[in-house]
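**Student:** no sequence on this one, just coordinates:
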């Protein structure tokens, strides 16, 4: 009798734990925070007022620059973008990294396409030989494009692709 009661209690605990895990699914922002190498991106999303947007229904595809990628922008430029008076410019840069819908790496392998970002400009995405490149013009000079270093990190409301450079919209 004690065994049955213990077994029933254990099953209830497992079921409750599973339901709690399902209820607390990770959105794009939480997934980025958990990864640990997007501190600057998270800070920028907060400064731009985009956290709630990226916690929304989506789906979104986010090309997420790492902290190291933000170092390539330069501290003066980054600090300037993070100032309240430059919030619109920061939003422009960040939304240039977001595409509506869910774009997986396999969707672009073997071809080149341009897609419209949330910012309004097009980005070009090319997948070749297992590498995905993203930039703001037709692919001629590899140094002008970001490389996806980790693809297809799924979140409840979209997908994250880690990139090695911060993309700047064409008009900046």
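**Tutor:** Received it, and whenever you're ready, just let me know what you need. Not measured: the values here are computed from a predicted model.

**Student:** can you pull the contacts of the residue nearest to the spatial centre of the chain?
**Tutor:** Nearest residue to the geometric centre of the chain (C-alpha atoms, centre = their mean): residue 62, 3.3 Å. Going by C-beta atoms under 8 Å, 6 or more residues apart in numbering, residue 62 touches 28, 32, 54, 97-98, 158-161. C-beta here means a position set from N, CA and C on the backbone, and glycine is covered the same way.

**Student:** okay, the residues you listed in CSV with distance to residue 42 and pLDDT next?
**Tutor:** CSV is the format used below for the contacts of residue 62 (distance: C-beta to C-beta, whole Å; pLDDT from 0 to 100):
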residue, distance to residue 42, pLDDT
28, 11, 94
32, 6, 91
54, 10, 94
97, 13, 96
98, 14, 97
158, 16, 96
159, 17, 96
160, 12, 96
161, 17, 96
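
**Student:** Within the sheet, what are the partner strands of the longest strand that the chain contains, with directions?
**Tutor:** Secondary structure of the chain per DSSP state E: the longest strand is strand 146-155. In the sheet, strand 146-155 lines up against strand 131-135 (antiparallel), strand 158-163 (antiparallel) (DSSP bridges).

**Student:** okay if I get those strands as TSV plus distance to residue 69 and mean neighbour count?
**Tutor:** Converted to TSV, the strands paired with strand 146-155 look like this (distance: least, C-beta to C-beta, whole Å; neighbours: other C-beta atoms under 10 Å):
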stretch	distance to residue 69	mean neighbour count
strand 131-135	12	20
strand 158-163	6	24
